[in-house]
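In: quick one, what's the 3D model for this:
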Amino acid sequence: MRYRTRVTAPAAALIGTAAALATGPAAHARTSALRGDGAGAPGAETLGDPVFPALGNDGYRVAAYHLDLAYDAATRLVDATATLTLHTTQALTRFSLDALGLDIRAVRVGGAPAVFEQVEEKLRVTPARTLPDRARVTVCVEYTADPAKPLAHTAWVPTPDGFAVCPQPNSAHTVFPCNDHPTDKASFTFRVTVPGTLRGVASGTLVRTESLDGDRTAYTYRSRSPIATELVQITVGDYTVTSRQGPNGLALRDVVPTARAAALEPALALTPGLLEWLEQRLGAYPFETYGLLPCNSDDPNAFDFTGLETQTLTLYKPNFLLQEEKKIGSHMMHELVHSWFGNSVSPATWADLWLNEGHADFYGLLYRYERGWPDSLGLTTMEARMKDTYARGDQWRQSSGPVAAPNAANLFDSQRYLGGVLVLYALREAVGEDVFNRIERTFLERHRNSAATTRDYMAVASEVSGQDQTGFLGDWLYGTRTPRMPNHPDWTVTPVTPGFVAPRNRGSGHYHDASATL
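Out: Numbers count the residues shown, from 1 in each chain. Presented below is the predicted three-dimensional model:
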């Protein structure tokens, strides 16, 4: 028997720059949501991302999602209702959501049935009446999902007792219909219904537990901060949720396979120290909780990356975390850094990914070298690693393009990770450590809970340093040749010889273990 509840998400203010799009005369917002005044047009089925041009949709912004998912252990299917609160930014005769592999049964707009069709990775919705500009609209989509369904790409990670999800970069819409782009961050609530022997967990904080007929339990979670769709986590399995305290009273929670909780405890116990070290450099942790999710699968095919920074929970395979601290500590730091760079401040386009991965590797390597742990090359200082990386600069620019100009095929390769670290190192050498640290904190404070571009980072660097850094950073981020490294006139770049073939990264698809913190 399926258990499904139709819940409309509470109204929420739009975040950041999208807030202006939601404003308007209060009377107009109350009365015009389904009135259908005036002419309209279909919303664009893209947000123009340079790496994933088909991703996202225009004509509205999402203020809130409520996802109500019920897992059936017998069929291993998920019966779901997604309720979205939209704010239109134009009059819409039709709008679209990103959706792939979902068996959609019904769509309602403002409570009224709507015509819909699924075309490639879009769910096109035609409401009964034109939606006016600046309207607040509730959209409800009922559907079924099969976590094991073969798709061109998917966020689902099936496990023996349930599932987890890994939406990054472009697969959240295989789990729920959405505006699947990091610029359109929204508030989230999740209601996850599971058999009584299992546990349902999601991003955010547990706010309600319900005992249902048929030995079922429903867990409701709510995010205190907005979440980009690619950062959502929902997991079901035989898990134990453990609690501990982090710095300044931060509530930490880990979601661990019950049978392996004791074995994983040494790794989980590292988190408070990691947080304390990073808060000294980047400021207070930006969310309500943090923890690890070693999902209940060590299958090498479950996912082909080491860790993934879903908001408030970092996804790992258990076996990785069973290693000694010096094997895992710097990568745990890498993933934790994403809470600031990537989650709190998301990339405005996927071409800005270096802001996520460059910063995560930068602080992860600093942490490693402070503890005297040699890296994968046997090097023990940031200067030595950057000199080695600098020598590879022109080769990487030929094989992977400039640091801030990736494509879908090379998005997650070393140029975005170590290449990004090299840019940050060069900036720190140019402006000094104190100014660099102020740039970092100012950027995070200014763009918290929103998305930022590479140009936004350049602007903060220029403002804080008191010098225009656009040309300097532009050469490092977009140039086809590696610039001279400040303070290191003796460093040389290995020339690109005819017939040069770049070494392949480990991994396949979008995901690569390109992080130097491993």
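
In: run a quick neighbour tally on Val119.
Out: In terms of burial, Val119 registers 10 neighbours under the definition other Cβ atoms under 10 Å. (Glycine included, C-beta is placed from N, CA and C.)

In: what pairs with it across the strands?
Out: Counting by DSSP bridges, Val119 is bridged to Lys122.

In: any idea how far it lies from Thr159?
Out: When Cβ to Cβ, to the nearest Å is applied, the distance between Val119 and Thr159 equals 31 Å.

In: pLDDT weak spots in the stretch 1-150 of the chain?
Out: In the predicted model of the stretch 1-150 of the chain, residues 1-38 satisfy pLDDT under 70.

In: and the helices in the stretch 151-300 of the chain?
Out: Under the criterion DSSP state H, counting those that start in this stretch, the stretch 151-300 of the chain contains helices at 261-268, 271-282.

In: what's the mean pLDDT across the shortest one?
Out: Taken as a whole, helix 261-268 carries a mean pLDDT of 98.

In: and that helix, what's buried?
Out: Buried residues in helix 261-268, defined by neighbour count with 16 or more other Cβ atoms under 10 Å: 261, 264, 267-268.

In: and if you look at the last one?
Out: Under the neighbour-count criterion of 16+ other Cβ under 10 Å, helix 271-282 has 271-272, 274-275, 277-279, 282 buried.

In: stretch 171-185 now?
Out: 171-185.

In: can you check stretch 455-469 too?
Out: By 16+ other Cβ under 10 Å, the buried positions in stretch 455-469 come out as 456-465, 469.

In: before we move on, what about stretch 361-373?
Out: By neighbour count, with 16+ other Cβ under 10 Å as the criterion, the buried positions of stretch 361-373 are 361-369, 373.

In: for it, what is the average pLDDT?
Out: Stretch 361-373 shows a mean pLDDT of 98 in the predicted model.

In: please save the CA atoms from it in CSV.
Out: What follows is stretch 361-373 as a C-alpha-only set of coordinates in CSV (Å, rounded to 0.1, in the frame of the first residue of the first chain):
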residue,chain,number,x,y,z
ASP,A,361,41.6,21.9,-2.5
PHE,A,362,43.4,25.0,-1.3
TYR,A,363,42.3,24.6,2.3
GLY,A,364,42.4,20.9,2.2
LEU,A,365,46.0,21.0,1.1
LEU,A,366,46.9,23.7,3.7
TYR,A,367,45.4,21.4,6.4
ARG,A,368,47.4,18.4,5.1
TYR,A,369,50.7,20.2,5.1
GLU,A,370,50.2,21.7,8.5
ARG,A,371,49.9,18.2,9.8
GLY,A,372,53.0,17.0,8.0
TRP,A,373,51.2,14.5,5.8
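
In: close enough to count as contact, Val464 and Glu440?
Out: No - using Cβ atoms under 8 Å, Val464 is not in contact with Glu440, being 9.2 Å away.

In: may I have the phi/psi pair for Ala452?
Out: Its backbone dihedrals place Ala452 at phi -140, psi 150, with angles given as degrees, to the nearest 10.

In: burial count for it?
Out: Using other Cβ under 10 Å: Ala452 sits among 23 other residues.

In: how many residues are close by the closest residue to it other than its chain neighbours?
Out: Sequence neighbours aside, Val345 is the residue nearest to Ala452 in space, at 5.2 Å (criterion: Cβ to Cβ, 6 or more residues apart in numbering). Per other Cβ under 10 Å, the neighbour tally for Val345 reads 26.

In: and Val345, what does it touch?
Out: Taking Cβ atoms under 8 Å, 6 or more residues apart in numbering, we find Val345 in contact with 355, 443-444, 447-448, 450-452.

In: of the residues you listed, which pair is most distant in space?
Out: Pairwise distances across the contacts of Val345 peak at 13.8 Å for Leu355 and Arg448 (criterion: Cβ to Cβ).

In: neighbour count winner among the two?
Out: Counting neighbours by other Cβ under 10 Å for Leu355 and for Arg448 shows that Leu355 has the greater number, 27 against 16.

In: any idea how far the more buried one lies from Thr174?
Out: Counting by Cβ to Cβ, the gap between Leu355 and Thr174 amounts to 25 Å.

In: before we move on, the earlier item: so which of the buried residues of helix 261-268 is the closest to Thr85?
Out: Lowest distance from Thr85 to the buried residues of helix 261-268 (Cβ to Cβ) belongs to Leu268, with 35.6 Å.

In: identify the residues contacting the closest residue to that closest one other than its chain neighbours.
Out: Closest residue to Leu268 in three dimensions, ignoring its sequence neighbours and counting by Cβ to Cβ, 6+ apart: Asp254, at 4.8 Å. Neighbouring residues of Asp254 by Cβ under 8 Å, 6+ apart: 241-242, 244, 264, 268, 271, 291-293.

In: cool, thanks, talk later.
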